[in-house]
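A.B. asks: Got a predicted model here, sequence first, then my questions.
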Amino acid sequence: MTLLKVEGLDCRYGLFQAVRGVSFEVAQGEIVALIGANGAGKTTLLRAIAGAHRPHAGNVTFDGEDMTRVPAHQRVARGIALVPEGRRLFPTLTVEENLRVAAAGNRRGRWNVQAVLDAFPLVQARRHMPAATLSGGEQQAVAIGRALMSNPRLLLLDEVSLGLAPVVVDAVYKFLAKVISEGATVVLVEQDLTRALRVAGRVICLLEGRVVLQGEARSLDRDRVVNAYFGLRSPSARGEPR
Amino acid sequence: MTLVNAIVQGIFLGAFYAVLACGLSIMFGVMRIINLAHGDIAVFGAYVAFVVVEHTGASAFVAFAVALPLMLVLGYILQVTVLERSLKAGVLTPLLATFGLSIVIQNLLLIAFSPDVRSLGPAAGLLTTASWHATSELSFSALGVVLLTVAIVVFGALQLFLSRTRAGWAMRATAEDADAAELVGIDSRSVYARATAIAVAIAALGGLFLAIRSVFDPISGPTQLIFAFEAVVIGGMGSLWGTLLGGIALGLAQTLGAEIQPQFAVLAGHLLFLAVLVVRFGGARLTLRVAR
């Protein structure tokens, strides 16, 4: 069953076109990785799906309902949650307040403050500290937990490993694997290609705002992905078999 | 002992400035709007209470209780009709919009009430005149004590609201990062409208006390705005408790200044404000520019 449908999406910042006619679908329970170089339009695309960026043209359909004109906070109530790039916690609010304030959507489900804190034992001890005093990894854990507070049906993750130590990234992904195994639908942006290919069932590669390659993560070989990623000539153009 | 008395009177006066400045501080803290119509909104609130008193003969405080819901609604409407649009157009536009609003309010009040000077002092009963003389040189006016109590209750209630309630967290979250707040399901438009409603209601409370402790006319607003603005800046922009302390510091500067020379009172407040500006916002840069 198709959960998310993006059709001919066009996003602009003034005259600059960040996303150009992007279309794709995500089925319930699927894990899709958006990859691409810096400035390829990945973050803008995620923000447009979450409602934080108003697209110039095109449509976003979620669970059969047209979301294009629905503001971001109402999309959270329908079950779309974005973990934004750079974590973006509310710095003077405590960890617990950061989580509680995000429960505004009132969607019922498995996640609540206690469940999130149980899932991140490290954060548990910091529950009454302002979010600004946490380490990067702890902040990322809270940011993911905050998104889970709305019990989303679609979880959008924007560069959750950015600026974190490899050990911490492993811990974050171990937790995500647990969330994913419980049947979440996830669209994630990840710079680390190896990790993206390992986690995701399907990969969509963006280049200068366009989809240049997409397919099952297993069926794609690394060279083709790297070429698409950097916009090098495609392997087939060099005379190799497709 | 006259010095002690000056300090006590300064704290009472400062409590009045703090109440007056509270709404200005909220709007700046939550939306980064400097509301140039804040003083006029306070005076408008005083006129609403005045109308109720004129028509019913009720006490000033009962009249304010009637005015309060009206001011809350007006604040909400002001946000969704005027300020929200102006916020989208950049930093300068809300400043221009509220400046325009200030002129509109003043002229509407002039048309409706003529330039006559009014006061709600008589409608506040004994409170206006009662006082307790501790010694021949130290007195506590009933109005001063009420003002200080009201200021502490208003700031304390806001503090509780912001730190203990879900709506308060949503307001702080929106103030810190409106975009991220939207992404966790907070309706930032509605948070902004609630903030303005609260700010306008507390401005009206400031207007009520202005009207009780002295007199007001349709163009009293800008003077009150200056005192409120100074209290906010002295206390540190965007900090709520800072605004209470800033108001008291301003009140103290004025009464202590008056000890030196009665005509020096208001100027002493301005000088404190300027000193804070120079110290906090890069005195070095200021001198550099002058030197060039």
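C.D. replies: Yes, it's here. All values reported here derive from a predicted model rather than from experimental measurement.

A.B. asks: hey, which helix is longest across chain A?
C.D. replies: Criterion DSSP state H: the longest helix present in chain A is helix A:166-181.

A.B. asks: and chain B, which residues reach chain A?
C.D. replies: B:166, B:169-170, B:172-173, B:176-177, B:179-188 (C-beta under 8 Å from any C-beta of the partner chain). Glycine gets a C-beta too; all of them are placed from N, C-alpha and C.

A.B. asks: Just the buried residues out of those residues, in ChimeraX syntax.
C.D. replies: Applying 16 or more other C-beta atoms under 10 Å in any protein chain shown to the residues of chain B next to chain A, the buried members can be selected in ChimeraX as follows:
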select /B:169,170,172,173,176,177,180,181,182,183,184,185,186,187,188
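
A.B. asks: still on that earlier bit, give me the sheet partners of the helix or strand following the longest helix of chain A and which way each runs.
C.D. replies: Toward the C-terminus, helix A:166-181 is succeeded by strand A:185-189 as the next helix or strand (DSSP states H and E). In the sheet, strand A:185-189 lines up against strand A:31-35 (parallel), strand A:154-158 (parallel) (DSSP bridges).

A.B. asks: now what about the first one, what contacts it?
C.D. replies: Around strand A:31-35, the neighbours that count as contacts under C-beta atoms under 8 Å, 6 or more residues apart in numbering or on different chains are A:24, A:26, A:42, A:45-46, A:180, A:185-191, A:193, A:196-197, A:199-206, A:217, A:225, A:229.

A.B. asks: The next helix or strand after it vs chain B: in contact?
C.D. replies: Using DSSP H and E, the helix or strand that follows strand A:31-35 towards the C-terminus is helix A:42-50. Yes: under the criterion of C-beta under 8 Å from any C-beta, helix A:42-50 makes contact with chain B via residue A:50.

A.B. asks: Helix A:42-50 vs strand A:185-189, what angle?
C.D. replies: 150 degrees (axes from the mean of the first three to the mean of the last three C-alpha atoms, to 10 degrees).

A.B. asks: Kindly state the pLDDT recorded for residue 10?
C.D. replies: Using chain A here. According to the prediction, residue A:10 has pLDDT 95.

A.B. asks: The chain in question should be chain B.
C.D. replies: 97.

A.B. asks: Looks like it contacts residue B:258 (just checking).
C.D. replies: No: the criterion here is C-beta atoms under 8 Å, and residue B:10 misses it with residue B:258 at 9.0 Å.

A.B. asks: if you count what's nearby, which of the two comes out ahead?
C.D. replies: residue B:10 (22 against 18; other C-beta atoms under 10 Å in any protein chain shown).

A.B. asks: Quick check: bridge partners of the residue positioned nearest the centre of chain A?
C.D. replies: Nearest to the mean C-alpha position of chain A, by C-alpha atoms, centre = their mean, lies residue A:157 at 2.3 Å. Taking DSSP bridges as the rule, residue A:157 bridges to residue A:83, residue A:188.

A.B. asks: how far away is it from residue A:183?
C.D. replies: Going from residue A:157 to residue A:183 by C-beta to C-beta, to the nearest Å gives 16 Å.

A.B. asks: Could you list the low-pLDDT ranges of the stretch 1-150 of chain B?
C.D. replies: B:1 (pLDDT under 70).

A.B. asks: Nearest to chain A within it, name that residue for me.
C.D. replies: Nearest residue of the stretch 1-150 of chain B to chain A, counting by C-beta to the nearest C-beta: residue B:29, 11.3 Å away.

A.B. asks: do you know how far the residue nearest to that residue when sequence neighbours are not counted is from chain A?
C.D. replies: Sequence neighbours aside, residue B:238 is the residue nearest to residue B:29 in space, at 4.1 Å (criterion: C-beta to C-beta, 6 or more residues apart in numbering or on different chains). Distance of residue B:238 to chain A, given as C-beta to the nearest C-beta, to the nearest Å: 11 Å.

A.B. asks: Can you verify my assumption that residue B:238 contacts residue B:24?
C.D. replies: No: applying C-beta under 8 Å, one finds residue B:238 not in contact with residue B:24, separated by 10.8 Å.

A.B. asks: Would you mind telling me which of the two has the busier surroundings?
C.D. replies: residue B:24 (29 against 15).

A.B. asks: just checking, residue A:178 touches residue A:119?
C.D. replies: Yes: assessed by C-beta under 8 Å, residue A:178 is found in contact with residue A:119 at 7.5 Å.

A.B. asks: So these two - more neighbours on which side?
C.D. replies: Higher neighbour count among residue A:178 and residue A:119: residue A:119, with 17 against 11, using other C-beta under 10 Å.

A.B. asks: Skipping its backbone neighbours, what lies nearest the more buried one in space?
C.D. replies: residue A:175 (6.3 Å).

A.B. asks: Tell me the residues of chain A that contact chain B?
C.D. replies: A:50-52, A:71-74, A:76-77, A:81-82, A:84, A:88-93, A:97-98, A:100-105, A:146-147, A:149-150.

A.B. asks: on that earlier part again, just send the strands paired with strand A:185-189 back as CSV, with distance to residue B:61 and mean pLDDT too.
C.D. replies: Converted to CSV, the strands paired with strand A:185-189 look like this (distance: least, C-beta to C-beta, whole Å; pLDDT from 0 to 100):
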stretch, distance to residue B:61, mean pLDDT
strand A:31-35, 61, 94
strand A:154-158, 52, 95
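
A.B. asks: Nearest approach to residue A:3 belongs to which of those?
C.D. replies: strand A:154-158 (6.0 Å; C-beta to C-beta).

A.B. asks: Strands of chain B, residue ranges please.
C.D. replies: B:131-133, B:139-141 (DSSP state E).

A.B. asks: From the rest of the structure, what touches stretch B:39-46?
C.D. replies: B:20, B:23, B:35, B:64, B:67, B:71, B:101-102, B:105-106, B:109, B:118, B:120, B:200, B:203-208, B:210-211, B:216, B:218, B:220-226, B:228.

A.B. asks: Could you single out the most deeply buried of the strands of chain B?
C.D. replies: strand B:139-141 (a mean of 17; mean count of other C-beta atoms under 10 Å in any protein chain shown).

A.B. asks: strand partners of that one, parallel vs antiparallel please.
C.D. replies: In its sheet, and by DSSP bridges, strand B:139-141 pairs with strand B:131-133 (antiparallel).

A.B. asks: For PyMOL, what selects the buried ones among the contacts of strand A:31-35?
C.D. replies: Remark: buried members of those, expressed as a PyMOL selection using 16+ other C-beta under 10 Å:
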select buried, chain A and resi 24+26+42+45+46+180+185+186+187+188+189+190+193+196+197+199+200+202+203+204+205+206+217+225+229
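
A.B. asks: Now, the residues of chain B next to chain A that are in helices?
C.D. replies: Short answer: the residues of chain B next to chain A in helices (DSSP H) are B:166, B:169, B:170, B:172, B:173, B:176, B:179, B:180, B:181, B:182, B:183, B:188.

A.B. asks: My understanding was that residue A:161 contacts residue A:188; is that so?
C.D. replies: No: Residue A:161 is beyond contact range of residue A:188, at 9.8 Å (criterion: C-beta under 8 Å).

A.B. asks: remind me which residues of chain A are low pLDDT?
C.D. replies: A:104-106, A:233-242.

A.B. asks: Now with 50, please.
C.D. replies: Scanning chain A for pLDDT under 50 picks out A:235-242.

A.B. asks: now the helices for it?
C.D. replies: Counting by DSSP H, the helices of chain A are A:42-50, A:72-78, A:95-101, A:113-119, A:121-124, A:136-148, A:166-181, A:193-199, A:222-230.

A.B. asks: Any idea which of those helices gets closest to residue B:152?
C.D. replies: Per C-beta to C-beta, nearest to residue B:152 of the helices of chain A: helix A:95-101, 24.4 Å.

A.B. asks: Distance from the chain centre to that closest one, please.
C.D. replies: Here the centre of helix A:95-101 is set off from its chain's centre by 21 Å, with C-alpha atoms, centre = their mean, to the nearest Å.

A.B. asks: can I get the ones in helices among the residues of chain B next to chain A in CSV with distance to residue A:18 and pLDDT?
C.D. replies: Output for those, formatted as CSV (distance: C-beta to C-beta, whole Å; pLDDT from 0 to 100):
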residue, distance to residue A:18, pLDDT
B:166, 35, 92
B:169, 32, 95
B:170, 30, 96
B:172, 31, 96
B:173, 27, 96
B:176, 26, 95
B:179, 16, 94
B:180, 20, 95
B:181, 23, 96
B:182, 19, 95
B:183, 18, 95
B:188, 23, 94
